[in-house]
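**Q** Sequence first, then the predicted structure:
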Amino acid sequence: MLEIKSVSKSFGELHVLKDVNLNVAKGEVVCIIGPSGSGKSTLLRCMNFISPPDSGEIVFDKVSWRSYRSKFNVLANLRYEKKLPQLRAEIGMVFQHFNVFPHMTTLENVSLGLQKVRKIKKDEAKQVATKSLEQVGLSDKLQVYPDQLSGGQKQRVAIARALALNPKVMLFDEVTSALDPELVSGILDEIRRLVREGMTMIIVTHEMKFAFQVAHRIVFMDQGKIVQVGTPAEIRNTQEPRAKAFLSSILE
Amino acid sequence: MDKYDFSWRIIQENLPELINGLIITLQISVAGMAFALLFGLFFATLRFSQYRILNIVSNSIVQVGRSLPLFVLLFWIYYGLSLKFKINFTDFQAGALALGITGGAYMAEVFRGGITAIDKGQSDAAFAIGLNRMQTSRLIVLPQAIRIILPQTVNIYVGLLKGATIVSVIGVADMIYVAQYVSLETFRPFELYSFAGVVFIALTLSVASFAWLLERQLSGKSRRG
Ligand SMILES: Nc1ncnc2c1ncn2[C@@H]1O[C@H](COP(=O)(O)OP(=O)(O)OP(=O)(O)O)[C@@H](O)[C@H]1O
Ligand SMILES: [Mg+2]
């Protein structure tokens, strides 16, 4: 469903991703773990071209996507830009810092994409958005602005906002890292619900227990490379030195 | 110390002309502000462009525009362009343009500041749900930036309003110009200029309170999260 083919990316001199390859099948749950700065977020952001890869290819649903950027042909750049939203609308993403839109109510946050991207009429969009918000347990907060929500509730809005568009894949980037400890399990439960529903997901997380529980495969990244990929059991008993060191440092 | 008899009647007698001058002042400052918004938005957009060369060009123009005294700019536009390139502006046009360029240079910074103040996560999230660049600016970034931009825009307008008094030097019959020539006839500059001063205070205060109301209106609809 989602293939990452020799993706590389640098920020100036810093090589953040070095020839990364990964295949995610439909219905699969892949957790990405690794030390801070290893390129996990950047890899996720390359998948939907929020931060386009320098080279390499993303194949999504059999369609190949590559970065394109002409130095001179401005029109071609614009034409390319116009296509990207099609890809992004099929890939849901949830961020560490929620990134809910503070000038919109909960309901508006969720119905925006339905109206502007899916071109659904306002009334219908509100219905779909309401349903999506009900599923994350926020049916009593529809008309509330984000500044009146807790971190956990904001993250639920962000999850509902992504799910309302009915994406084929969901990307989660450390979605519990900015939450108070008592709110973490609620959000993890939302992801577990999606696992049961068979959603294809790529989850960057520091919650090791959770990762080993839900993942079909675990990817260990270090210094811009995928060092090891395996089932939770394989990774738990890894003999790869860096993965082993990382796990023992984080599990102690 | 000599006793100076204030004669405020002079104001009353020349009120119609002073008010005409005031109207010209308002017109030229509003026209200047319109240019300033246009220029500002244009140059701010260039500063965010992906093309390096446009960033540099826009940055330089903004820097020069901010450092040039309004007086010099006015002089160049009104006399310079006419002498050198046979481009003739009316005094009003030249004044509005000069105000627009100075104001635009400041507005470019205001727009840039307002937009960069918005967390990058906001546009990331907008892109992630499939909004395009235009939609992201229009629906997500600008509505949030406006709350930062608006108060500063009012400040710049107040600056232009005061800057507008300089156009009297090229003969625009603004309020200062009227005060000047009436005082040549009546020898009452103190009263006339003071009147102009009070009018400017009143103008500034009303513009500021309008902005305050607008800001309250906006923040009612859009909160920070
Ligand atoms: N926009 C950017 N500009 C410059 N450098 C960046 C940018 N984004 C990320 N980096 C750098 O790239 C490297 C990898 O960053 P990335 O955020 O992908 O790591 P990560 O594995 O997600 O780390 P963490 O666990 O801390 O979130 C880091 O060294 C970071 O400083
Ligand atoms: Mg990260």
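**A** Nice, I can see it. Ligands and ions are numbered 1, 2, ... in the order given.
**Q** Now do the strands in the chain.
**A** Because you didn't say which chain, this covers chain A. Secondary structure of chain A by DSSP state E: the strands cover A:2-11, A:14-24, A:29-33, A:55-60, A:63-65, A:91-94, A:169-173, A:200-204, A:217-222, A:225-230.
**Q** is ligand 1 contacted by stretch A:164-172?
**A** No: figure legend: stretch A:164-172 not in contact with ligand 1 (C-beta under 6 Å from any ligand atom); closest approach 12.2 Å. To be clear about C-beta, it is placed using only N, CA and C from the backbone, and glycine gets the same treatment.
**Q** Span of that stretch from start to end?
**A** 15 Å (C-alpha to C-alpha, to the nearest Å).
**Q** Could you list the buried residues of it?
**A** Across stretch A:164-172, burial judged by 16 or more other C-beta atoms under 10 Å in any protein chain shown covers A:164-165, A:167-172.
**Q** again with stretch A:144-155
**A** Buried residues in stretch A:144-155, counting neighbours by 16+ other C-beta under 10 Å, are found at A:144-146, A:149, A:151-155.
**Q** what's that stretch in contact with?
**A** The contact list for stretch A:144-155, computed with C-beta atoms under 8 Å, 6 or more residues apart in numbering or on different chains, reads A:94, A:98, A:100-106, A:109, A:138, A:141, A:157, A:175-176, A:178-180, A:183, A:186-187, B:223-225.
**Q** Residue A:185 and ligand 1, how far apart?
**A** Using C-beta to the nearest ligand atom, to the nearest Å, residue A:185 is found at 21 Å from ligand 1.
**Q** what pairs with residue A:9 across the strands?
**A** Taking DSSP bridges as the rule, residue A:9 bridges to residue A:17.
**Q** For residue B:31, see how far away the nearest residue to residue A:38 once chain neighbours are set aside is.
**A** Closest residue in space to residue A:38, ignoring its immediate chain neighbours: residue A:221 at 4.5 Å, by C-beta to C-beta, 6 or more residues apart in numbering or on different chains. Using C-beta to C-beta, to the nearest Å, residue A:221 is found at 58 Å from residue B:31.
**Q** quick one: which of these two has more around it?
**A** Higher neighbour count among residue A:221 and residue B:31: residue A:221, with 26 against 19, using other C-beta atoms under 10 Å in any protein chain shown.
**Q** In this model residue A:40 seems to touch the more buried one, though I could be wrong.
**A** Yes: using C-beta atoms under 8 Å, residue A:221 makes contact with residue A:40 at a distance of 5.6 Å.
**Q** Please identify every residue contacting each of those two.
**A** Common contacts of residue A:221 and residue A:40, defined by C-beta under 8 Å, 6+ apart, comprise A:32-34.
**Q** can you tell me which residues contact residue 139?
**A** Reading this off chain A. Contacts of residue A:139 by C-beta under 8 Å, 6+ apart are A:130, A:133.
**Q** The intended chain is chain B.
**A** Residues in contact with residue B:139 (C-beta under 8 Å, 6+ apart) are A:112, A:116, B:126, B:131.
**Q** one more time with 7 Å
**A** Applying C-beta atoms under 7 Å, 6 or more residues apart in numbering or on different chains to residue B:139 gives the contacts A:112, B:131.
**Q** which SS state does it fall under?
**A** Following DSSP: H, G, I helix; E, B strand; the rest coil, residue B:139 is assigned to helix.
**Q** Excluding chain neighbours, what is closest to residue A:137?
**A** residue A:156 is the one closest to residue A:137 (C-beta to C-beta, 6+ apart), at 6.7 Å.
**Q** didn't residue B:124 look like it was pressed against residue A:50?
**A** Yes: here residue B:124 reaches residue A:50: they are 5.5 Å apart, a contact under C-beta atoms under 7 Å.
**Q** For the residue of the stretch 51-200 of chain A found nearest ligand 1, give me the backbone phi and psi.
**A** Across the stretch 51-200 of chain A, no residue is closer to ligand 1 than residue A:174, which sits at 6.0 Å (C-beta to the nearest ligand atom). Reported as degrees, to the nearest 10, the phi and psi values for residue A:174 are phi 50, psi 60.
**Q** so it touches residue A:210, yeah?
**A** No: using C-beta under 7 Å, residue A:174 is not in contact with residue A:210, being 11.7 Å away.
**Q** For chain B, what lies in contact range of chain A?
**A** Within chain B, the positions near chain A by C-beta under 7 Å from any C-beta of the partner chain are B:121-122, B:124-125, B:127-133, B:135, B:139-140, B:143-144, B:222-225.
**Q** now these: which count as buried?
**A** The buried subset of the residues of chain B next to chain A - by 16+ other C-beta under 10 Å - is B:122, B:124-125, B:127-133, B:135, B:139-140, B:143-144, B:222-223, B:225.
**Q** Give me the subset of the residues of chain B next to chain A lying in helices.
**A** Taking DSSP state H as the definition of helices, the residues of chain B next to chain A contribute B:121-122, B:124-125, B:127-128, B:133, B:135, B:143-144.
**Q** Spatially, which two of those residues are the most separated?
**A** Longest distance between any two of these is 18.2 Å, between B:128 and B:143; criterion C-beta to C-beta.
**Q** Tell me which residue is most central in chain A.
**A** residue A:171 (1.8 Å; C-alpha atoms, centre = their mean).
**Q** Next, work out how far apart that one and residue A:147 are.
**A** Taking C-beta to C-beta as the measure, residue A:171 falls 26 Å from residue A:147.
**Q** What are the boundaries of the strands in chain B?
**A** Counting by DSSP E, chain B contains no strands.
**Q** just so I have it, where are all the helices in it?
**A** According to DSSP H, the helices that chain B contains are B:9-13, B:15-47, B:52-67, B:70-75, B:81-85, B:91-116, B:120-128, B:133-135, B:142-163, B:175-186, B:189-221.
**Q** Can you add mean pLDDT and give the ones you listed back as CSV?
**A** Listed next are those as CSV, based on pLDDT from 0 to 100:
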stretch, mean pLDDT
helix B:9-13, 75
helix B:15-47, 88
helix B:52-67, 86
helix B:70-75, 88
helix B:81-85, 79
helix B:91-116, 90
helix B:120-128, 95
helix B:133-135, 90
helix B:142-163, 87
helix B:175-186, 80
helix B:189-221, 80
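**Q** would you turn these into a markdown table with distance to residue A:87?
**A** Below are these laid out as a markdown table (distance: least, C-beta to C-beta, whole Å):
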| stretch | distance to residue A:87 |
| --- | --- |
| helix B:9-13 | 69 |
| helix B:15-47 | 26 |
| helix B:52-67 | 27 |
| helix B:70-75 | 48 |
| helix B:81-85 | 50 |
| helix B:91-116 | 25 |
| helix B:120-128 | 11 |
| helix B:133-135 | 15 |
| helix B:142-163 | 25 |
| helix B:175-186 | 59 |
| helix B:189-221 | 33 |
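**Q** which of those is buried the deepest?
**A** Highest mean neighbour count among these (mean count of other C-beta atoms under 10 Å in any protein chain shown): helix B:91-116, with a mean of 23.
**Q** what about that helix, distance to the chain center?
**A** Distance, stretch centre to chain centre, for helix B:91-116: 6 Å (C-alpha atoms, centre = their mean, to the nearest Å).
**Q** what do you get for stretch B:128-142?
**A** Remark: stretch B:128-142 is offset 29 Å from the chain centroid, using C-alpha atoms, centre = their mean.
**Q** Endpoint to endpoint, that stretch covers what distance?
**A** First-to-last residue span, stretch B:128-142, C-alpha to C-alpha: 18 Å.
**Q** Kind regards, and thank you for your time.
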